[in-house]
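1. Structure here, sequence nowhere to be found:
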């Protein structure tokens, strides 16, 4: 039994390609569970930690904002501001660490975003050309 070197999906020993991601697998390499890289499990854990850090940042920011600017917590507003500040700092630090440790995630996100944007630009360009041709045809045949 071996695992994909790219996504970690379980493969048969004779498989040359991963059935999940399509990555080419080396034939001579023994890819047992001992050699299985932790990178394959990282995206799922990374996504969970990313959600937690974003939630902590938002909650900490909200608690700090409400306690400092609106005296929302009454007599405990000073304490709540400090606690909210610590939660905000912890969430933001965790977010920076997660994104800083894995530049592939950021690069992949930017590449996907750029690809979607370019596809959208091509569709808009084609629509604009189509509309211009329609207007030109309407002008020609109205006369």
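-> Nice, thanks for sending it over. Since this is a predicted model, take the numbers as computed values, not measurements.

2. Following element in sequence after the lowest-mean-pLDDT helix or strand in the chain, please.
-> Within the chain, no helix or strand scores below strand 2-3, which has a mean of 76 by mean pLDDT, DSSP states H and E. Using DSSP states H and E, the next helix or strand after strand 2-3 towards the C-terminus is strand 10-11.

3. Sheet-wise, list the partners of that following strand with their directions.
-> If you go by DSSP bridges, strand 10-11 pairs up with strand 2-3 (antiparallel).

4. what's the spacing between the strand it pairs with and its chain's center?
-> Distance, stretch centre to chain centre, for strand 2-3: 26 Å (CA atoms, centre = their mean, to the nearest Å).

5. Ok, stretch 104-111 next?
-> Centre to centre, stretch against its chain (CA atoms, centre = their mean), the figure for stretch 104-111 is 8 Å.

6. go on, stretch 50-70?
-> Relative to the chain's own centre, stretch 50-70 is displaced by 21 Å; criterion: CA atoms, centre = their mean.

7. can you tell me the helix or strand for the residue positioned nearest the centre of the chain?
-> Centroid-nearest residue in the chain, with CA atoms, centre = their mean: residue 109, separated by 5.6 Å. Using DSSP H and E, residue 109 falls within helix 103-142.
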